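>>> Provided below for reference: sequence and predicted model.
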Amino acid sequence: MALITQHVLETALADALHSSDLLCGLSLQPSHPETRTGCTRLNGGIGPPADQPDLPYITAIAKECLRWRSVVPLAVPHIATQEDEYKGYRIPAGSVVIANTWAYSRDTRYYPDPETFQPERFLLESGELNPDVLDPAEMAFGYGRRICPGRHFAEASLFTIIASVLHTFDISAPLNKDGNPVKLDVKITNGVVSYPEPFACTIQPRSATAEALIRANASA
Ligand code: HEM
């Protein structure tokens, strides 16, 4: 199942980057010139997908993914090139400084009930993004002048993959022998880069149209 998922995600990303077919129909709103045909465009390059302003919930899911399970939980160690001070603590030149991104993402001042996956935490009641909630991208990609240069590409990819997968697939917990959904227990790996361990889930096309779209793109 994990292999299928990976293949589907890779296919979705590759297709989204090279054609806009997989995302057709995500937004038909005429307010964005790029979507007049009913197909999402990536604005001709790396950047936020054109449909993003119309899909705040997808953006909220992407933010919650970055927060809930940090990909690089302790960032990458940096070294202080000169002596510094932080909240009264002297940091001698040459010190290794490790930013605890995991702890930031669990700070209840910004993220109440942090262990719960809850994209709504980034939204206002109106459904728009709440600009007052700390954006996890501020920490997920590291800090300072060595901050991840791929962050904009990564965020655009996350949005595109999540939108494409949700547009075409129903993903649900597997059923036990009594036909009831199994409670998922998502375990993540330890290490500099952290990722989910394989887990069972059911992935099905949302409709016959969705299945045709998936097959057309998978064989391209
Ligand atoms: C969700 C996806 C990603 C996450 C969470 C992530 C996170 C990070 C983090 C935490 C660092 C260390 C920054 C620091 O030293 O403070 C980093 C560095 C880096 N990332 Fe990413 N990254 C992601 C995707 C990408 C992508 C898509 C690319 C390239 C296309 C990329 C290229 C790099 C490179 C080259 C560095 C080293 C930068 C340097 O040391 O000067 N990353 N990333």
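Okay, I see it. Residues are numbered from 1 along each chain as shown.
>>> okay, buried residues for stretch 68-87 please.
For stretch 68-87, a neighbour-count test (16 or more other Cβ atoms under 10 Å) marks Trp68, Arg69, Ser70, Val71, Val72, Pro73, Ala75, His78 as buried. Quick note: C-beta positions are derived from backbone N, CA and C, even for glycine.
>>> dump the residue contacts of the fourth one.
Spelled out, that is Val71. Ala140, Val193, Ser194, Tyr195 (Cβ atoms under 8 Å, 6 or more residues apart in numbering).
>>> if you set the cut-off to 10 Å instead, what comes out?
Counting by Cβ atoms under 10 Å, 6 or more residues apart in numbering, Val71 touches Cys65, Thr101, Ala140, Phe141, Cys148, Ala154, Ile188, Val192, Val193, Ser194, Tyr195.
>>> where do the strands sit along this structure?
Along the chain, counting by DSSP state E, strands occupy 78-79, 84-86, 89-91, 96-97, 169-172, 202-205.
>>> tell me the contacts of Asp84?
Asp84 sits next to Arg90, Ile91, Pro92, Ala93, Ser95, Val97 when contact means Cβ under 10 Å, 6+ apart.
>>> quick check, nearest of these to Ala50?
In terms of Cβ to Cβ, no member of these lies closer to Ala50 than Val97, at 38.8 Å.
>>> returning to what we had before: filter the buried residues of stretch 68-87 by proximity to the ligand?
On the criterion Cβ under 6 Å from any ligand atom, Val71, Val72, Ala75 are the entries of these that sit beside the ligand.
>>> with distance to Asp51 and pLDDT added, can I get those in TSV?
Shown next, in TSV, are those (distance: Cβ to Cβ, whole Å; pLDDT from 0 to 100):
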residue	distance to Asp51	pLDDT
Val71	24	94
Val72	28	96
Ala75	31	94
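>>> the residue nearest to the spatial centre of the chain: what's it in contact with?
With distances taken as Cα atoms, centre = their mean, the residue of the chain nearest its centroid is Ala62 (3.2 Å). By Cβ under 10 Å, 6+ apart, the contact set of Ala62 is 52, 119, 122, 136-137, 154-163.
>>> before we move on, what about Arg146?
Contacts of Arg146 (Cβ under 10 Å, 6+ apart): Ala75, Val76, His78.
>>> switch the cut-off to 8 Å
Applying Cβ under 8 Å, 6+ apart, the residues contacting Arg146 are Val76, His78.
>>> including mean pLDDT, could the strands of the chain go into JSON lines?
Shown next, in JSON lines, are those (pLDDT from 0 to 100):
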{"stretch": "strand 78-79", "mean pLDDT": "95"}
{"stretch": "strand 84-86", "mean pLDDT": "95"}
{"stretch": "strand 89-91", "mean pLDDT": "97"}
{"stretch": "strand 96-97", "mean pLDDT": "95"}
{"stretch": "strand 169-172", "mean pLDDT": "96"}
{"stretch": "strand 202-205", "mean pLDDT": "95"}
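>>> distance of Pro112 from the ligand?
Pro112 sits 23 Å away from the ligand, taking Cβ to the nearest ligand atom, to the nearest Å as the criterion.
>>> which residues touch the residue lying closest to that residue once chain neighbours are set aside?
Nearest non-adjacent residue to Pro112, counting by Cβ to Cβ, 6 or more residues apart in numbering: Arg121, 7.4 Å away. Residues in contact with Arg121 (Cβ under 8 Å, 6+ apart) are Ala60, Glu64, Tyr111, Pro112, Val133.
>>> as JSON lines, those residues with neighbour count and pLDDT would be great.
As requested, these are exported to JSON lines (neighbours: other Cβ atoms under 10 Å; pLDDT from 0 to 100):
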{"residue": "Ala60", "neighbour count": "21", "pLDDT": "98"}
{"residue": "Glu64", "neighbour count": "19", "pLDDT": "98"}
{"residue": "Tyr111", "neighbour count": "21", "pLDDT": "98"}
{"residue": "Pro112", "neighbour count": "10", "pLDDT": "97"}
{"residue": "Val133", "neighbour count": "16", "pLDDT": "97"}
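>>> with that, I have no additional questions.
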